[in-house]
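Enquirer: Just to be clear, the model below is a prediction. Sequence and coordinates:
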Amino acid sequence: MRRSIIIIYLLTITVIMNSQSKNFIDLPHIEVSGYADTFVTPDMIFIKISLSEKDTKGKMSLDELEKRMVLSLQSLEIDVEKNLKISDILSNYRTHLLKKKDIILTKEYILKVKNAETASKVFILLEDLDISNTSVYKLDYSEIDNIKNLCRTKAVIDAHKKAIALTSPLSQSIGNAIFISDLDIIPMNPFEGVVAGINVQNYRPREASKVEVPKIEFEKIKVSSDVRVTFVLK
């Protein structure tokens, strides 16, 4: 008897769910898309730096080159403890075999700076230290999540306006939204996960008195949102 009651209860729930699904489909409705985008200037610039004993031509060890680099970065008021990280934690030192007996030690870092001007100064500084294996690894924006949500809001507003524009000529109106689909938001970052080299070797003379900081401008990051909204049609 108890088993029969349970079966009847489950069948009832199934019927109710099917009925609700059918009612949703049968409702007069209108489905529209909404879109919004914006551009932000990156405020997190990640620079990949590779140190190699080969660059020193045997004049100093890799550790000495690292110390010189750290001191020079600190002269730019960069918090190296916070913003300079070893790229490969599992293997601080990498070896490159050139010949049977030649082993070159290398060490890779990721440096984070806040703007293009500081990035320019870093490239010049590293060039002065004969560290030429540098590149922009990634660009990002610190408030990217807030920008994403702003785009979502504007995209829904855009969808609402489209629904009104489509129904007003028919002397109809829209009711509540009964379904919203938020498609994936992907920041359009041209440097995301890739190495894009920027070499400042020929930007200015070697003399310290004639140093001119080259103007480097990074492409802005595009953030967009695409939504689908279903409104009740009245």
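Expert: Looks like it arrived, so ask away. Note that this is a predicted model, so its numbers are computed, not measured.
Enquirer: Any chance you could give me stretch 112-121 in CSV, C-alpha atoms only?
Expert: What follows is stretch 112-121, C-alpha atoms only, in CSV (Å, rounded to 0.1, in the frame of the first residue of the first chain):
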residue,chain,number,x,y,z
LYS,A,112,53.5,42.5,-13.6
VAL,A,113,53.4,46.2,-14.1
LYS,A,114,50.5,48.6,-14.2
ASN,A,115,50.8,50.6,-17.4
ALA,A,116,52.6,50.9,-20.7
GLU,A,117,54.9,53.6,-19.5
THR,A,118,56.3,51.4,-16.8
ALA,A,119,56.6,48.5,-19.2
SER,A,120,58.6,50.8,-21.6
LYS,A,121,61.0,51.6,-18.7
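Enquirer: If we go by neighbour counts, what in it is buried?
Expert: For stretch 112-121, burial by neighbour count (16 or more other Cβ atoms under 10 Å) applies to 112-113, 116, 118-121. Where C-beta positions appear, they are placed from N, C-alpha and C, glycine not excepted.
Enquirer: Out of these, which sit inside strands?
Expert: The members of the buried residues of stretch 112-121 that map onto strands under DSSP state E are 112-113.
Enquirer: Most widely separated two among the buried residues of stretch 112-121?
Expert: Distance extremes for the buried residues of stretch 112-121: the farthest pair is K112 and S120 at 15.1 Å, using Cβ to Cβ.
Enquirer: Quick one: the strands in the protein, in order.
Expert: Applying DSSP E to the chain gives strands spanning 29-40, 44-52, 84-86, 94-97, 103-113, 134-140, 174-182, 221-233.
Enquirer: could those be laid out in a markdown table, adding distance to I157 and mean pLDDT?
Expert: What follows is the strands of the chain, written out as a markdown table (distance: least, Cβ to Cβ, whole Å; pLDDT from 0 to 100):
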| stretch | distance to I157 | mean pLDDT |
| --- | --- | --- |
| strand 29-40 | 7 | 94 |
| strand 44-52 | 29 | 90 |
| strand 84-86 | 40 | 89 |
| strand 94-97 | 51 | 56 |
| strand 103-113 | 35 | 83 |
| strand 134-140 | 27 | 89 |
| strand 174-182 | 12 | 92 |
| strand 221-233 | 10 | 93 |
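Enquirer: Mind putting these into CSV with distance to T167?
Expert: Output for these, formatted as CSV (distance: least, Cβ to Cβ, whole Å):
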stretch, distance to T167
strand 29-40, 6
strand 44-52, 44
strand 84-86, 54
strand 94-97, 63
strand 103-113, 50
strand 134-140, 41
strand 174-182, 6
strand 221-233, 7
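Enquirer: Tell me which of these lies nearest to I147.
Expert: Using Cβ to Cβ, the nearest of those to I147 is strand 221-233, at 5.0 Å.
Enquirer: burial measure for I47, as a count.
Expert: 22 (other Cβ atoms under 10 Å).
Enquirer: I meant to write V136 there.
Expert: Using other Cβ under 10 Å: V136 sits among 22 other residues.
Enquirer: Quick check: the gap between it and E64.
Expert: The spacing between V136 and E64, counted by Cβ to Cβ, to the nearest Å, is 26 Å.
Enquirer: Which parts of this protein are helices?
Expert: In the chain, the segments counted as helices under DSSP state H are 2-26, 53-56, 62-75, 80-83, 116-128, 144-167.
Enquirer: rank these by mean pLDDT and give me the bottom one.
Expert: Among the helices of the chain, helix 2-26 has the lowest mean pLDDT, at a mean of 51.
Enquirer: how far does stretch 69-81 stretch from start to finish?
Expert: Distance between the two ends of stretch 69-81: 13 Å, counting by Cα to Cα, to the nearest Å.
Enquirer: and what of stretch 79-87?
Expert: Using Cα to Cα, the distance between the terminal residues of stretch 79-87 is 17 Å.
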